[in-house]
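Student: the following block contains a protein sequence and its predicted model.
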Amino acid sequence: MARISAAESQVMEAVWGKGPLAADEIVAEVGEPQGWGEATVKTLINRLLKKKALVSERSEGRTRYRALVSRADYVQGESQGLLDRLFGGELAPLVAHYAKHRNLSAGEVARLKRLIEGLDNGE
């Protein structure tokens, strides 16, 4: 699948969150809060159709758009792309970067420790 832009991902988030939506529903959900007009949102929808991230279906006399890509698959692809581009595909340098450049809360540190313990235990 072709890469989904930040603007296109907003349309995808609406569809993932609310299920199949008509164009006017996507405009209301995404366009209005972003200050985008109907034409902009329809352009984003058309791009996502071409990228095969969305499919259009007729239902109850309306065209609705449904995601062909799951949010989990999208997040996995984007995450792996980030790791590959910035950290040579390795997770430890990413975690080290965040730990060094932003203050981790005690809760975040505890969650990371639990995650590592779980990985050590084969979970």
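Tutor: Cool, got the structure. Residues are numbered from 1 along each chain as shown.
Student: got any ranges where this structure has weak pLDDT?
Tutor: By pLDDT under 70, the weakly predicted segments of the chain are 1.
Student: domains for it, by residue range?
Tutor: 6-67, 71-120 (automatic domain parsing).
Student: which of the ones you listed sits most buried?
Tutor: domain 6-67 (a mean of 16; mean count of other CB atoms under 10 Å). For glycine as for every other residue, the C-beta is placed from the backbone atoms N, C-alpha and C.
Student: measure it end to end?
Tutor: 16 Å (CA to CA, to the nearest Å).
Student: got it, and stretch 100-111?
Tutor: Termini of stretch 100-111 sit 17 Å apart (CA to CA).
Student: what's in contact with it?
Tutor: With contact meaning CB atoms under 8 Å, 6 or more residues apart in numbering, stretch 100-111 is reached by 98, 112.
Student: at 10 Å what do you get?
Tutor: For stretch 100-111, contacts defined as CB atoms under 10 Å, 6 or more residues apart in numbering pick out 95, 98-99, 112.
Student: how about stretch 47-59?
Tutor: 1-5, 7-9, 11-12, 15, 20-23, 26, 44-46, 63-69, 74.
Student: what do you get if the cut-off is 8 Å, keeping everything else the same?
Tutor: Here stretch 47-59 has contacts from 1-2, 4-5, 8, 11-12, 15, 20, 45, 63-69, using CB under 8 Å, 6+ apart.
Student: cool, and stretch 13-25?
Tutor: So stretch 13-25 is contacted by 26, 29-30, 38, 41-42, 45, 54, 57, 59, 62-67, 70-71 (CB under 8 Å, 6+ apart).
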